[in-house]
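Asks: Test case, fold it:
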Amino acid sequence: MPVALDFFVKYGYFILFLWVLAEQLGVPVPSAPLLITTGTLTATHRLNLVLSIVVVVLACLASDTIWYYMGKRYGGAVVRLLCRLSMESNTCVKKTEGYFFRNGERALLLAKFIPGLGTVAAPIAGQTGMALRLFLAYDAAGSLLWAMAFILGGRFFGDFLKHHPNIFPSVSHTAGVLFVLLLIGFLIYRFFRQRAFIKEMRAARVEPDELRQMLDQHQQVYIVDLRHPLDYLPDPRTIPGAVMLTPDKLVENTSSIPRDRDVVLFCTCPSEATAAKMALTLRKAGIFRVRPLRGGFDEWKRLGYPLQDIHTEAIVHPS
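Replies: Numbering: from 1, shown residues only. Below you'll find the model as predicted:
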C-alpha cells in the first residue's frame, strides 16, 4: 500500500485528471472514492486542495464538452449508448430527460450528484440545443460543486485524523485503505442492486411475438408508450393503439388504467428499464396485469411489426 500511495502522490494530479475524465466519458469507474481519498491527502499537504479541485473541474469540462457536441450531432442515440456503459443503465435515460425537461440548464448544477445522470447530462444538453456558453457556465458550476463536496469531505476526515493521531498512526496510510474500502463497497453495492433489478424485470416482460398475436387476434390490451417527447423526433411512430404517457403522467393517471385487461409498457431505454420500473410501480398500486415489452420500441421496429404515425395532439407532455 505505501508504494501505491507514493505513486499516487507523485503523479496524483495526472491520475486524478485521467480517472475523472474516464468516468465522465462513460467508463464505469467511480470517482467518488478517489476524490474522498484526494481530500484526505490534502490534509497532510501531500496534495494541494485548490489544485486538486481545479484538475477535477477541468477533467469534467473536457469530457462534457465532447459529449455535448456528440449529443448535438447524434441526439438520443448517444444518450442510449452512454446508458449502456453506465453503472446506472437501468434508469439513466428517462431520469435525465425528465430532469432536463423540468429544470433546463439548471439541471447541470446537480446532475453529477444523481446516479446515472452525470455522464448523460452533457449530450442531452447538446440534443436540446442549449447554447455552448450557457452549457459551459452551468457545467463548470456543477462540476465545481461536485468536486468540492467529495474533496472537502475527504479533507474534513483527514483533518480529524490529524487532530486525533491515536486513532490511526498515519493519515496517508489510512487514505489508501479508505480508497480501497470505498471502491470495493461501491462496486459490491452496484452489482447486487443491478442483479436484483434485472431479476425482477426478466420475470415480468412480454415478448414482441406475443403482443403481436394479441393485436392480430383483436384482444383487449392497453399499450402505453413511455418514451419522452424527445424520443419521437428521429422516428415519430409508435405501436398501433399505444397511449403516449411519460412515467410521471402514468403515475398521475393510475386510476384511469383498466384493470380488466393486459397492460403493456414499452420505452427505448436499455433492457426495458423504465418499462420494468413502471410495471413494478403499477403493481404496487393494485394493477397486476402489467408487463414490460422485451426490447421495447427498438425491438418491435427491428422485427418489422406494424407502426402508426404519432399525432401531436395525442402526446401527453410531462408537467
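
Asks: When you work out contacts or count neighbours from here on, use the C-alpha atoms and nothing else.
Replies: Will do.

Asks: Please report the distance of residue 73 from residue 287.
Replies: To residue 287, residue 73 is 40 Å away according to Cα to Cα, to the nearest Å.

Asks: Between the two, point out the one with more neighbours.
Replies: residue 287 (20 against 14; other Cα atoms under 10 Å).

Asks: Which secondary structure state is assigned to the more buried one?
Replies: The local conformation at residue 287, judged by DSSP: H, G, I helix; E, B strand; the rest coil, is coil.

Asks: now do residue 118
Replies: Classification of residue 118 using three-state DSSP returns coil.

Asks: got it, and residue 130?
Replies: Of the three states, residue 130 takes coil according to three-state DSSP.

Asks: quick one, what contacts the residue nearest to it when sequence neighbours are not counted?
Replies: Nearest residue to residue 130, sequence neighbours excluded (Cα to Cα, 6 or more residues apart in numbering): residue 105, at 7.6 Å. Each residue near residue 105 by Cα atoms under 8 Å, 6 or more residues apart in numbering is listed here: 125, 130, 134-135, 138.

Asks: Then residue 52?
Replies: Counting by Cα under 8 Å, 6+ apart, residue 52 touches 13, 16, 38.

Asks: hmm, try it at 10 Å
Replies: 12-14, 16-17, 35, 38-39, 42, 147-148, 151 (Cα atoms under 10 Å, 6 or more residues apart in numbering).

Asks: What remains of those if I keep only buried residues?
Replies: 12-13, 16-17, 35, 38-39, 42, 147-148, 151 (16 or more other Cα atoms under 10 Å).

Asks: shouldn't residue 54 be in contact with residue 144?
Replies: Yes. Between residue 54 and residue 144 there is a contact under Cα atoms under 10 Å: 8.0 Å.

Asks: Give the residues shared as contacts by these two.
Replies: Common neighbours of residue 54 and residue 144 are listed as residue 60 (criterion: Cα under 10 Å, 6+ apart).

Asks: nearest to residue 281, of the contacts of residue 105?
Replies: Of all the contacts of residue 105, residue 281 sits closest to residue 125, with 28.8 Å by Cα to Cα.

Asks: sorry, back to before: identify the farthest-apart pair in the buried ones among the contacts of residue 52.
Replies: 12 and 148 (16.9 Å).

Asks: The chain: helices as residue ranges?
Replies: Applying DSSP state H to the chain gives helices spanning 2-10, 12-24, 32-42, 49-74, 76-85, 92-103, 107-110, 121-127, 132-163, 171-202, 208-216, 247-252, 273-284, 296-302.

Asks: How much space separates residue 41 from residue 47?
Replies: On the measure of Cα to Cα, residue 41 and residue 47 end up 6 Å apart.

Asks: higher neighbour count, the two?
Replies: Between residue 41 and residue 47, counting by other Cα under 10 Å, residue 41 is the more crowded of the two (28 against 19).

Asks: what ranges of the stretch 201-319 of the chain fall below the confidence cut-off?
Replies: 201-203, 269-272, 284, 311-319 (pLDDT under 70).

Asks: Repeat the analysis, applying 50 as the threshold.
Replies: Flagging of the stretch 201-319 of the chain using pLDDT under 50 yields the residue ranges 314, 316-319.

Asks: swap in the stretch 1-150 of the chain?
Replies: Flagging of the stretch 1-150 of the chain using pLDDT under 50 yields the residue ranges 1, 3, 87, 89-90.
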